[in-house]
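Enquirer: kindly return the folded structure for what I paste below:
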Amino acid sequence: MPAVSKGDGMRGLAVFISDIRNCKSKEAEIKRINKELANIRSKFKGDKALDGYSKKKYVCKLLFIFLLGHDIDFGHMEAVNLLSSNRYTEKQIGYLFISVLVNSNSELIRLINNAIKNDLASRNPTFMGLALHCIANVGSREMAEAFAGEIPKILVAGDTMDSVKQSAALCLLRLYRTSPDLVPMGDWTSRVVHLLNDQHLGVVTAATSLITTLAQKNPEEFKTSVSLAVSRLSRIVTSASTDLQDYTYYFVPAPWLSVKLLRLLQCYPPPEDPAVRGRLTECLETILNKAQEPPKSKKVQHSNAKNAVLFEAISLIIHHDSEPNLLVRACNQLGQFLQHRETNLRYLALESMCTLASSEFSHEAVKTHIETVINALKVNIECTVGFQSLLPPLVLKVAILAEKYAVDYTWYVDTILNLIRIAGDYVSEEVWYRVIQIVINRDDVQGYAAKTVFEALQAPACHENLVKVGGYILGEFGNLIAGDPRSSPLIQFNLLHSKFHLCSVPTRALLLSTYIKFVNLFPEIKTTIQDVLRSDSQLKNADVELQQRAVEYLRLSTIASTDILATVLEEMPPFPERESSILAKLKKKKGPGTVTDLEEIKKERSSDMNGSAEPASVNASAVSTPSPSADLLGLGAAPLTNSAPPPSSSGSLLVDVFSDSASAVAPLAPGSDDNFARFVCKNNGVLFENQLLQIGLKSEFRQNLGKFPGRVAVCVNQAQSQCGVGTKPVDPTVDGGAQVQQVVNIECVSDFMEAPILNIQFRLRNCWQFVLHTLCSVYSVCRYGGTFQNLSVKLPITLNKFFQPTEMSSQDFFQRWKQLSKNFHLALCCSPKQEVQNIFKAKHPMDAEITKAKIIGFGSALLEEVDPNPANFVGAGIIHTKTTQIGCLLRLEPNLQAQVSLRIYGINTNSSLH
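Expert: Presented below is the predicted three-dimensional model:
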């Protein structure tokens, strides 16, 4: 920036600012401002032409007055005239005034654009910088239309100075964010990538920000930036703090650039080039190693910069999800932060570990820190409660987790009642509604719930939400505990009525309904209840709702016969709910098309879906007519059906979708086999993704049944008769950028080898539309280049998904193993194939923990300390189909030469192993 000479001080501006500061009142300030505005207006309208210095001074005064909160309706033309000056200070003030006061609808925009074009063409780096700053500050669509094609040329020009390149990159980034459709993609896109190799780190930092934003929308255009970003990152992390003195922040070399490069790499999958991938792995390992080194400074700025790079590196490791060693190391590093005294570090560590838990490689490592997380919650409960705004969502998530992972329903009731006792003010209606729904839907927990809530109400101080739950449950099932003298009908009534006058009107109304229920359940206390309803405090209550209830309930109890009372006041029927109300609330809070935190939690094979407390056998009638109380979240399998609604007879723009030419099944999409293989040992993740759509799956399996509440509608090819597939209809309209769930129910009829095919056909239009075809296929329709897009991927349904883990002792395992081996060799010629053995070379070093995680993810139970050879891994399980059960034993035998032998025995007289 040019030096400002002594004569540019603007003494008049300094005097005016001093006068404003010395004003004793608001009125005095306004009087002084009005006087100055009158003086400036007279100078601008005077016959004498003003020189550049005077224009600059008066424009500065107007700008200062505007910043004080006063409207300015003149002086704009004088500011525009300053843009044509050749003096830096005058041009600077003109651009500053325009950036602050001139809006995009001003009539002066054309004059301003002409002045900016002149400065950009001047090749004066100072003037070009001012013009670029003004474009970025205004950032209007008119500016984008005028300069979006010019700025990329300045950015990639060989003779452009480094400071101008920085400004041009950031200016183009600003225009792209405001008007992406006006920024053309051309030859400059390939040249801007090479700015990552620029010697000036300021240019590299600005270019990285621009490329990251562009790559998120056009990944293929900037794919070459991956290798350059890795190269630059490697040079930074391996350099000493003295090598990059101008960009070293408290002994951390270029931390901002490192963070930006790591974020750029998160726009792409792991590099395919082994050399680039190895170099990136070295960089990440170096960052993790530096985190273990003693700090070079005790100042907080050093730790903040160091941790910023570390957390971004961990985010990249999680994003790639391909390096087991890095994932485990990242998990261990986060575990150290969980015990740090800094609250912000613990929060960031928990956020990252939550994402890390979904990885198949690090899931077991995360489990080792569960106790630390729980202890941190206990220690910091007082600090946590201090953040009042965090408590309602925290309580909601606690309720969801308690419901999802309840070991049994009595435990769930205890947990939610305890939650209401501790944080009753933050328990929403959906939470206590859900408790009541579950109790009503479960006969085996009703008596326990009535007893537990009765005991909880005996506390001297009860939260009103607990009174609501107690009133509802005792009104329905109080008779189940009435046989105990300590909870007789009269005692129950007196206990509830003692809370009546301390509650709000809605709770009182609920208790009145409980009283009339007691009249039906306990006729012996009918007179006592009628006396309460007949009291003046009820019949003459100021609240209309309470008064009406008291009058109607009293009249009903007086004139109705016992049979009528029993009919009117009969027990509530089970709720026909398919989804948890509290889970629905969480989805609503997060907005449409988002995935809730609960849906991101990895489903363990030992959870309720595969290790349910329900009986192991599921008969056909139970599958076809599921009970609404089959499980807590309503995740039971819906009836399988191959029927579909008839096509609409109304005129539609989509009728051409069902022509013969559009219904051909496409070959498998490139790369889909790799994604399919990753789902063998996990249930959640992205199955397919391109520029137009993403298919994400979240699957759940229980015995011979499975369910895909997927993230996008798909077409299901049902040619495989061994695996029945049923779909549910979806919303017919999907907005751009949104998500839609297509629920797919699966039933394993018999053992199978080929997976069903997802066939998706679409054409891009103004919106996505999903239409259910009469053959139970779902087509997404959109227009993309005027032609249909047709792709197919394998639905990740493999036989091991229907595995039920089975625990066995060492003696039982090898006795069964030898028996099956003997039977196999004796009946080799006349029996179905009962044994599979495969010897193969391991692609990666045999890590014990990773191998255990893979076997557990495969579905079988991992039997530890069973095989006499500690290097071997054994497992056992049962494959469930609709017609039979196949017992399987597994033995994995690695050796020092990385040759792995895998043997599986299965016993089933009707089928064979494949």
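Enquirer: going forward, measure contacts between C-alpha atoms and count neighbours the same way
Expert: Will do.
Enquirer: quick one: Leu316 is in a helix?
Expert: Yes. With DSSP: H, G, I helix; E, B strand; the rest coil as the criterion, Leu316 is part of a helix.
Enquirer: ok, and the closest non-adjacent residue to it?
Expert: Gln266 (5.7 Å; Cα to Cα, 6 or more residues apart in numbering).
Enquirer: any idea of the pLDDT on that neighbour?
Expert: pLDDT, Gln266: 92.
Enquirer: what number of residues lie near it?
Expert: Using other Cα atoms under 10 Å, Gln266 is surrounded by 21 other residues.
Enquirer: one more: Tyr95?
Expert: Using other Cα under 10 Å: Tyr95 sits among 24 other residues.
Enquirer: surely it meets Ile135?
Expert: No. With contact defined as Cα atoms under 8 Å, Tyr95 does not count as touching Ile135 (9.6 Å).
Enquirer: Pro152 versus Arg191, what's the distance?
Expert: 10 Å (Cα to Cα, to the nearest Å).
Enquirer: look at these two and report which has more neighbours.
Expert: Comparing Arg191 with Pro152 by other Cα under 10 Å, the one with more neighbours is Pro152, at 24 against 13.
Enquirer: so which bits of the helix or strand harbouring Tyr53 are buried?
Expert: Following DSSP states H and E, the helix or strand that holds Tyr53 is helix 52-67. Neighbour counts over helix 52-67 (16 or more other Cα atoms under 10 Å) mark 52-66 as buried.
Enquirer: then stretch 516-535?
Expert: Neighbour-count burial for stretch 516-535 [16+ other Cα under 10 Å]: 516-522, 525-526, 528-530, 532-534.
Enquirer: farthest pair in those residues?
Expert: Greatest spatial distance among these (Cα to Cα): Leu521 and Arg534, at 19.6 Å.
Enquirer: which helices and strands sit right next to the helix holding Tyr53?
Expert: helix 11-21, helix 26-45, helix 76-82, helix 88-101 (3 or more Cα pairs under 8 Å, 6 or more residues apart in numbering; DSSP states H and E).
Enquirer: pLDDT averaged over it, what's the number?
Expert: Helix 52-67 comes out at a mean pLDDT of 91.
Enquirer: residues touching it, excluding its own?
Expert: Under the contact criterion Cα atoms under 8 Å, 6 or more residues apart in numbering, helix 52-67 has outside partners 8, 10, 12-13, 16, 33, 37, 40, 71-72, 75, 78-79, 82, 85, 90, 93-94, 97.
Enquirer: out of those residues, which end up buried?
Expert: So, by 16+ other Cα under 10 Å, the buried ones in these are 13, 16, 33, 37, 40, 75, 78-79, 82, 90, 93-94, 97.
Enquirer: from one end of stretch 48-57 to the other, what's the distance?
Expert: 16 Å.
Enquirer: kindly report the same for stretch 184-196.
Expert: 21 Å.
Enquirer: buried ones in that stretch?
Expert: Buried residues in stretch 184-196 (16+ other Cα under 10 Å): 189-190, 192-196.
Enquirer: tell me the one among these nearest to Cys171.
Expert: Using Cα to Cα, these come closest to Cys171 at Val192, 13.9 Å.
Enquirer: which helix or strand contains the closest one?
Expert: Judged by DSSP H and E, Val192 forms part of helix 188-193.
Enquirer: what does that helix rub up against?
Expert: By Cα under 8 Å, 6+ apart, the residues outside helix 188-193 that reach it are 152-153, 155-156, 207, 211, 221-222, 224-225, 228.
Enquirer: please indicate which of those are buried?
Expert: 152, 155-156, 207, 211, 221-222, 225, 228.
Enquirer: so which of these are in helices?
Expert: Secondary structure defined by DSSP state H assigns 152, 155-156, 207, 211, 225, 228 of the buried ones among the contacts of helix 188-193 to helices.
Enquirer: now, which of those sits nearest Leu474?
Expert: Nearest to Leu474 among these, with distances taken as Cα to Cα, is Ile211, at 63.6 Å.
Enquirer: if we can go back for a sec, so for Arg341, which of the helices and strands packed on helix 52-67 sits nearest?
Expert: Of the helices and strands packed on helix 52-67, the one closest to Arg341 (Cα to Cα) turns out to be helix 88-101, at 43.6 Å.
Enquirer: which residues are in contact with the residue nearest to Leu316?
Expert: Contacts of Gln266 by Cα under 8 Å, 6+ apart are 316, 319-320.
Enquirer: kindly reformat these as JSON lines containing pLDDT, neighbour count and distance to Pro460.
Expert: Formatted as JSON lines, the contacts of Gln266 follow (pLDDT from 0 to 100; neighbours: other Cα atoms under 10 Å; distance: Cα to Cα, whole Å):
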{"residue": "Leu316", "pLDDT": "92", "neighbour count": "21", "distance to Pro460": "53"}
{"residue": "His319", "pLDDT": "89", "neighbour count": "18", "distance to Pro460": "52"}
{"residue": "His320", "pLDDT": "88", "neighbour count": "16", "distance to Pro460": "55"}
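Enquirer: Lys397: neighbour count?
Expert: Lys397 has 17 nearby residues by other Cα under 10 Å.
Enquirer: secondary structure element holding it?
Expert: Applying DSSP H and E, one finds Lys397 within helix 391-404.
Enquirer: so how far is that helix from its chain's centroid?
Expert: 16 Å (Cα atoms, centre = their mean, to the nearest Å).
Enquirer: what's that helix packed up against?
Expert: Helix 391-404 packs on helix 409-423, helix 581-590, going by 3+ Cα pairs under 8 Å, 6+ apart.
Enquirer: what angle sits between the longest one and helix 391-404?
Expert: Per axes from the mean of the first three to the mean of the last three Cα atoms, to 10 degrees, the angle that helix 409-423 makes with helix 391-404 is 170 degrees.
Enquirer: pick the one among the buried ones among the contacts of helix 188-193 closest to Lys290.
Expert: Leu228 (22.7 Å).
Enquirer: local confidence estimate at the closest residue to that closest one other than its chain neighbours?
Expert: Ranked by Cα to Cα, 6+ apart and with sequence neighbours excluded, the top spatial neighbour of Leu228 is Leu196, at 6.3 Å. We note a pLDDT of 91 for Leu196 in this prediction.
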